[in-house]
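below is the sequence, then the predicted model.
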Amino acid sequence: MVQTEGDMAGKYGPTRGEFVFRAVFSVLGLVAIGVLVALRGVPKGPGLVEVFGIALLFFGGTLVHSLWRLRGSGERGPDR
């Protein structure tokens, strides 16, 4: 039997539980950045790029990707 790319992604890809973990971790990361900014203020110079550029892009992108995949996971079965 020949497997298509869609079959292999379902077989070897992350499980629903992993996407839930990623989403929760991303929310906690975004909250941590919010607390950091609330306590220490908006960073200046290279810290601004690091905190707002890299960290927000990473946590925000991971959250969006995880929620997007979780929303579509109902079509792939209970665990994938």
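Ah, there it is. Numbers count the residues shown, from 1 in each chain.

so where's this structure uncertain?
For the chain, applying pLDDT under 70 flags the ranges 1-10, 74-80.

ranges for the helices of it?
For the chain, applying DSSP state H gives helices covering 5-12, 16-40, 46-48, 56-72.

now the longest one and helix 56-72, what's the angle there?
Helix 16-40 and helix 56-72 are oriented at 150 degrees to each other (axes from the mean of the first three to the mean of the last three C-alpha atoms, to 10 degrees).

elements contacting helix 16-40?
helix 56-72 (3 or more C-beta pairs under 8 Å, 6 or more residues apart in numbering; DSSP states H and E). Heads up, the C-betas are built off the backbone N, CA and C, glycines and all.

from the chain's centroid, how far away is the helix it packs on?
The chain centre lies 4 Å from the centre of helix 56-72; the measure is C-alpha atoms, centre = their mean, to the nearest Å.

okay, buried residues for it please.
59, 62-63, 66, 69 (16 or more other C-beta atoms under 10 Å).

Throw the residues you listed into TSV and include distance to residue 43, thanks.
As requested, these are exported to TSV (distance: C-beta to C-beta, whole Å):
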residue	distance to residue 43
59	16
62	21
63	22
66	27
69	32
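
tell me how far the most centrally placed residue in the chain lies from residue 48.
Using C-alpha atoms, centre = their mean, the residue of the chain that lies closest to the mean C-alpha position is residue 62, 2.0 Å off. Using C-beta to C-beta, to the nearest Å, one obtains 21 Å as the distance from residue 62 to residue 48.

re earlier: pretty sure the residue nearest to the centre of the chain is touching residue 26, no?
Yes - under the criterion of C-beta atoms under 8 Å, residue 62 makes contact with residue 26 at 4.5 Å.

phi and psi next, for residue 15.
phi -80, psi 170 (degrees, to the nearest 10).

neighbours of it, how many?
Per other C-beta atoms under 10 Å, the neighbour tally for residue 15 reads 12.

and it, how far from residue 69?
Taken as C-beta to C-beta, the span from residue 15 to residue 69 is 10 Å.

repeat that for residue 38.
31 Å.

one more: residue 25?
For residue 25 relative to residue 69 (C-beta to C-beta), the value is 14 Å.
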